[in-house]
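Participant: Just need the structure, nothing else, for what follows:
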Amino acid sequence: MRRLQAHSSCLTQMVPPAAADHCLPSTSGFLFSLLSLLSLLPLLLVVPSRAQDTGTEASKSHGRGASISVVVHDASGDPISSYAVVKLFRGGTPDGQAETTRGQAELIVHEIGDFTVVVQAAGYAPAQQDILIDAPGRAQVDVYLHAVSANSTSVPGRPVLAPKAKKAVDEGLQALVADNLAEAQKHAGEAMRLAPMHPDVLYLQGVIFLKQSDWSRAQEVLEKATQVDPSHGNAFAALGMALCNQEKYDAAVAPLEKALQLNPAPRSWDARWALAKAYYHQERYDQALQMSQAALSSSNGKAPEIELLVAQSLTAVGRYEDAARALREFLRDHSDRPEAATARRWLERLAADKIHAK
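Facilitator: Predicted coordinates for the structure are as follows:
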């Protein structure tokens, strides 16, 4: 009995049916994941103050920049006595770091503008605040931390995305959902200008490259995203798909498995599909069958063509009747789809091989 060979790549919910011929990440899944991550950040009471030019000496001391004094308080309002790390970001790019002494840290910036202050301390939820430094001199920011329980799920240290850059990323993703590639590119360009190394920005750019079938550039950008943020499940999924589409199946397995470890929810059906395909090409047929069946079930009808990979895997493990049944069900329910011709050809081949085997 010959194994059925695939002639089509993975399809996903993000691409319109007429153009869906490659493994692409689920944009809607990313939006949900990103919003979920952002919702983990605690409500934060901060009293920011703009930099004030304190006179000629201050201007000479800081030039066109400013000195930012960050005072970190606990919930009672007192400066925290424990150690804290204060990080400063400009457009998502690190622009300074300091440790607190008696609850206070000093940071120097060489150019005025918009910044984000992030404070991390053991036993407290991480806190962040956007500030505007609009004049050389001194500025003070008061940050109030809130203690967290020992079983808190808060993940400190994730790169911060400033509001303007976040808006550009969100609008770019919305444009991809609407299949408006030109609009997505425009917003991605703005996001890259504001925060070129932020993982969410790199992810957006990588998905655009996937939509353009530019697999190698997608791989390069998405590798950077996973290096900057090793918890970015959607970036790992997209990276695995970029490798899958280059037929680098061995290399695709690790990022796809990592993606499902980070995002085990059913909405990750597209990553399961790509991983099933990678397993199949590695001749890990039992795993390919299990993963393709999980992908088909969790897709909720969004990609019925996964049934063909299920049939391939069933054939590879010797379950020929089950494979034929899967193909017949696909043809019964989806005879108008482009993949129907392939399903008929495979079904005819199974029938012929069965006759010859008698």
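Participant: where exactly do the helices run in the stretch 101-250 of the chain?
Facilitator: Assigned helices in the stretch 101-250 of the chain, in chain order: 163-177, 181-194, 199-211, 215-228, 233-245, 249-262 (criterion: DSSP state H, counting those that start in this stretch).
Participant: out of those helices, deepest packed?
Facilitator: The highest mean neighbour count among these, using mean count of other C-beta atoms under 10 Å, belongs to helix 233-245: a mean of 30. (C-beta placed from N, C-alpha, C; glycine too.)
Participant: contacting residues around Asp200?
Facilitator: 34, 161, 166, 169, 225, 232 (C-beta atoms under 8 Å, 6 or more residues apart in numbering).
Participant: Which pLDDT value belongs to the fifth one?
Facilitator: Reading off the per-residue confidence, Ala225 sits at a pLDDT of 92.
Participant: One more: the fourth one?
Facilitator: At Val169 the predicted local distance difference test score is 93.
Participant: any chance of the contacts of Asp200 in JSON lines, plus distance to Val72?
Facilitator: Below are the contacts of Asp200 laid out as JSON lines (distance: C-beta to C-beta, whole Å):
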{"residue": "Leu34", "distance to Val72": "27"}
{"residue": "Leu161", "distance to Val72": "22"}
{"residue": "Lys166", "distance to Val72": "24"}
{"residue": "Val169", "distance to Val72": "29"}
{"residue": "Ala225", "distance to Val72": "30"}
{"residue": "His232", "distance to Val72": "28"}
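Participant: quick check, nearest of these to Val141?
Facilitator: Nearest to Val141 out of the contacts of Asp200 is Leu161 (C-beta to C-beta; 18.8 Å).
Participant: That closest one: neighbour count?
Facilitator: Neighbour count of Leu161, defined by other C-beta atoms under 10 Å: 25.
Participant: roughly how far apart are it and Asp229?
Facilitator: 11 Å (C-beta to C-beta, to the nearest Å).
Participant: what do you get for Ser335?
Facilitator: 44 Å.
Participant: before we move on, what about Ala139?
Facilitator: Here Ala139 is placed at a distance of 29 Å from Asp229 (C-beta to C-beta).
Participant: Which one of these two is surrounded by more residues?
Facilitator: Using other C-beta under 10 Å as the criterion, Ala139 and Asp229 rank with Ala139 on top: 23 against 20.
Participant: Name the helix or strand for the residue lying closest to Ile108 once chain neighbours are set aside, please.
Facilitator: Spatially, and ignoring its direct neighbours in sequence, Ile108 is nearest to Ser67 (5.6 Å; C-beta to C-beta, 6 or more residues apart in numbering). In this assignment (DSSP states H and E), Ser67 forms part of strand 66-73.
Participant: Who does the helix or strand just after that strand pair with, and is each partner parallel or antiparallel?
Facilitator: Downstream of strand 66-73, the next assigned helix or strand under DSSP H and E is strand 84-90. Sheet pairing of strand 84-90 (DSSP bridges) gives strand 93-99 (antiparallel), strand 113-121 (antiparallel).
Participant: Quick check: which of those is nearest to Tyr280?
Facilitator: That would be strand 93-99 among the strands paired with strand 84-90, by C-beta to C-beta, at 41.1 Å.
Participant: In PDB, could you pull the C-alpha coordinates for the closest one?
Facilitator: Extracted C-alpha coordinates of strand 93-99, given in PDB (Å, rounded to 0.1, in the frame of the first residue of the first chain):
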ATOM      1  CA  THR A  93      13.700  50.200  23.100                       C
ATOM      2  CA  PRO A  94      15.700  50.100  26.400                       C
ATOM      3  CA  ASP A  95      17.000  53.500  27.300                       C
ATOM      4  CA  GLY A  96      18.400  53.100  30.800                       C
ATOM      5  CA  GLN A  97      18.200  51.000  34.000                       C
ATOM      6  CA  ALA A  98      18.900  51.700  37.700                       C
ATOM      7  CA  GLU A  99      18.500  50.100  41.100                       C
END
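Participant: so where's the stretch 1-150 of the chain uncertain?
Facilitator: Low-confidence regions of the stretch 1-150 of the chain, defined by pLDDT under 70, span residues 1-63, 91-92, 149-150.
Participant: ok, which stretches of it are strands?
Facilitator: With DSSP state E, counting those that start in this stretch as the definition, the stretch 1-150 of the chain shows strands at residue ranges 45-48, 66-73, 84-90, 93-99, 104-109, 113-121, 127-133, 137-144.
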